[in-house]
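1. sequence isn't available, so here's the structure alone:
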């Protein structure tokens, strides 16, 4: 299991680095990224709410349901890439299969979110979907009221463009965050990150203010390399 997850993660890393030098169209890139990452979530995280969420050891092997969900995640995320141009042209009038795939993709993303961060965020998302659908039933004099949208409009908006599931948050995760993560892993495994922390510890020795000064100096040293406050925080945190 570790080899499978590691191999897919390595492939995603290579794909991400390739896209830096040979940019891929935004929507296709995000769909391909989600098609690789979403299945890993079902293989690496437990479905139960109690106990450790992340799978580990022999007892943490994914079950049949996890494998089925991982397979479905590949299908619903890779489906738009097959006949991509025709898929975009159908965005205004999606077919029944498009809507089924969209519903499956939304449901799988919500389940993956529940597994990784708990039920609160998926519940909030479902609340906003309900608001989009039932907004027309709100009193007319309410500022939040609107005419309401049917499920076909909601699903096509979420799945067949760059304003829903494949919007800015996924783009940030698939471009900036994943690169910072790779950068932090390189520092960690090469020993460079540990060197920055060790030299900071050696400079300040032991005192009441040593931890704060150490973090400050290590952040300064990492920042001179990365040039990004976010990258420094992620890299220093992982070390």
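-> Received, thanks. If you're wondering where the values come from, they're calculated on a predicted model, not measured in any experiment. Numbers count the residues shown, from 1 in each chain.
2. so which elements touch the helix or strand encompassing residue 35?
-> Per DSSP states H and E: residue 35 is located in helix 26-44. Helix 26-44 sits against helix 2-21, helix 64-78, helix 96-117, helix 168-172, with contacts defined as 3 or more C-beta pairs under 8 Å, 6 or more residues apart in numbering; DSSP states H and E. Yep, even glycine has a C-beta here, placed from its N, CA and C like the rest.
3. quick check: buried residues in stretch 124-134?
-> In terms of neighbour count (16 or more other C-beta atoms under 10 Å), stretch 124-134 has its buried residues at 129, 132.
4. what mean pLDDT does the helix holding residue 35 get?
-> If you average the pLDDT over helix 26-44, you get 92.
5. with mean pLDDT, distance to residue 43 and mean neighbour count as extra columns, can I get the helices and strands packed on helix 26-44 in TSV?
-> Shown next, in TSV, are the helices and strands packed on helix 26-44 (pLDDT from 0 to 100; distance: least, C-beta to C-beta, whole Å; neighbours: other C-beta atoms under 10 Å):
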stretch	mean pLDDT	distance to residue 43	mean neighbour count
helix 2-21	90	6	12
helix 64-78	94	5	17
helix 96-117	94	11	18
helix 168-172	91	19	13
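6. gap between the helix holding residue 35 and the chain center?
-> 8 Å (C-alpha atoms, centre = their mean, to the nearest Å).
7. got the angle for it vs helix 96-117?
-> 50 degrees (axes from the mean of the first three to the mean of the last three C-alpha atoms, to 10 degrees).
8. ok and helix 26-44 relative to helix 2-21, angle-wise?
-> Using the same axes, to 10 degrees: helix 26-44 against helix 2-21 is 160 degrees.
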